[in-house]
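Undergrad: got a structure for you, letters missing:
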């Protein structure tokens with residue numbers, strides 16, 4: 001039983017460390033800086049996903065056991081509180097990123113609407129010989 005607790009403690013430490021990496025990545029990610037580069041956005045998403053995959057690979061069943069089986073020692077309570085705080089901070093940063101994404105999507109929709117309006121205006125002008133300047137290009 002004692003060996004199981006040590007393994008669970010080690011798993012918790014690994015989880016905490018991976019969560020700290022995710023938090024650091026999230027805090028250092030300037031989501032809006034990727035709005036003009038699809039490649040930068042994809043790289044940001046992939047690097048983030050690798051961290052979450054690493055977290056999931058830390059023995060998914062073991063994580064469930066860690067949450068249930070650890071005794072309430074002061075060290076375990078402190079580590080559990082630290083993990084909860086890190087998760088809360090990651091969630092807050094994700095909410096910030098979601099708001100930035102919403103703003104970027106609104107800008108994109110607005111830009112697409114303006115392009116469609118401009119295309120409509122241009123098609124009217126190109127079909128009108130006077131407005132398009134075609135009337136001045138003809139020889140008498």
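TA: Now that the structure is in, tell me what you want to look at. Everything numeric in this text was worked out from a predicted model, so none of it was measured. Residues are numbered from 1 along each chain as shown.
Undergrad: low-scoring stretches of this structure, by residue?
TA: For the chain, applying pLDDT under 70 flags the ranges 1-8, 32, 34-35, 59-73, 125-140.
Undergrad: now the longest helix along it, how far from the centre of its chain.
TA: Among all segments of the chain classified by DSSP state H, the helix with the greatest residue count is helix 74-127. Between the mean C-alpha point of helix 74-127 and the mean C-alpha point of its chain there is a distance of 8 Å (Cα atoms, centre = their mean, to the nearest Å).
Undergrad: Stretch 22-40 too?
TA: Using Cα atoms, centre = their mean, the distance from the centre of stretch 22-40 to the centre of the chain it belongs to is 8 Å.
Undergrad: what's in contact with it?
TA: Where contact means Cβ atoms under 8 Å, 6 or more residues apart in numbering, the residues beyond stretch 22-40 that reach it are 41, 44, 47-48, 51-52, 55, 86, 89-90, 93-94, 96-97, 100-101, 103-104, 107. C-beta coordinates here come from the backbone N, C-alpha and C atoms, glycine included.
Undergrad: PyMOL command for the buried members of those?
TA: This is the PyMOL syntax for the buried subset of the contacts of stretch 22-40, where burial follows 16 or more other Cβ atoms under 10 Å:
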select buried, resi 44+48+51+55+86+89+90+93+97
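Undergrad: Could you list the buried residues of stretch 18-31?
TA: Within stretch 18-31, the residues scored as buried using 16+ other Cβ under 10 Å are 18-19, 22-23, 25-26, 29, 31.
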